[in-house]
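Asks: Here is a sequence with its predicted model. Questions after.
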Amino acid sequence: MRLLVATRNAHKLGEIRALLPGVEIVGTDAFPEVPDPEETGATFEANAIIKAEAWRDATGLPALADDSGLEVDALGGAPGVLSARYAGTHGDTAANNAKLLRALDGVPEGRRGARFVCALALAAPGAPTRVLRGECPGRILHEAHGAHGFGYDPLFAPEGHDRSFGELPEAVKATLSHRARAFAQAREAWGLA
């Protein structure tokens, strides 16, 4: 099976290849002439659908897109769909993490609940678009720990663990993460892999 994964993020593409062994994954860098669609959805699901359908229509390939981010209970679900650009500039991890810690300054341990969310959309030619959601509950730490992963990983300790995703081995994260949970559902429900 040949599947276009709607991302230009090399780290995410590598993670998805590991989650879908046996599937030929093509990244959007293979189509430099195709612009990325604007993510105007109010939910992770809406943005995943926008990306999957735009890439399917542009390439004629089945397209898989995810939209993912962090929801923090004490912040009413923020940063949510704005996770990658929480501090203003898309992908500025240091600024995003600093803003999150400032927003939670003074929030006690028991109120730092959060979850990573991954919405997956699969848009294949001639078929209805299908959507799944995976979540990884946990909490936001008071400071960054570890150098693994990306984004908010050093600030997020998954439920049942005292160490952050930035400290946990990749093999452990691969079994717990929101993306791993969404892809496990996709493999079963959509016959991927």
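Replies: Thanks, I have the structure now.
Asks: Could you point out the helix or strand that follows the helix ranked longest in the chain?
Replies: In the chain, with assignment by DSSP state H, the single longest helix is helix 44-59. For helix 44-59, the following helix or strand on the C-terminal side (DSSP states H and E) is strand 63-72.
Asks: those strands in this protein, which residues are they?
Replies: 2-5, 24-27, 63-72, 113-123, 130-140, 156-158 (DSSP state E).
Asks: from those, which stretch is densest packed?
Replies: Each of those was scored by mean neighbour count; the highest is strand 63-72, a mean of 25, by mean count of other Cβ atoms under 10 Å. Yep, even glycine has a C-beta here, placed from its N, CA and C like the rest.
Asks: Make CSV from the strands of the chain and add distance to residue 42 and mean pLDDT to it.
Replies: Below are those laid out as CSV (distance: least, Cβ to Cβ, whole Å; pLDDT from 0 to 100):
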stretch, distance to residue 42, mean pLDDT
strand 2-5, 23, 94
strand 24-27, 27, 93
strand 63-72, 11, 96
strand 113-123, 12, 97
strand 130-140, 14, 97
strand 156-158, 23, 97
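Asks: Tabulate those in TSV, adding columns for distance to residue 41.
Replies: Converted to TSV, the strands of the chain look like this (distance: least, Cβ to Cβ, whole Å):
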stretch	distance to residue 41
strand 2-5	18
strand 24-27	22
strand 63-72	7
strand 113-123	9
strand 130-140	11
strand 156-158	23
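Asks: OK, contacts around the residue most central in space within the chain?
Replies: Nearest residue to the geometric centre of the chain (Cα atoms, centre = their mean): residue 68, 3.1 Å. Residues in contact with residue 68 (Cβ atoms under 8 Å, 6 or more residues apart in numbering) are 44, 83, 116, 117, 118, 119, 178, 179.
Asks: Let me know the closest of those to residue 170.
Replies: Comparing the contacts of residue 68 against residue 170 with Cβ to Cβ places residue 179 closest, at 12.2 Å.
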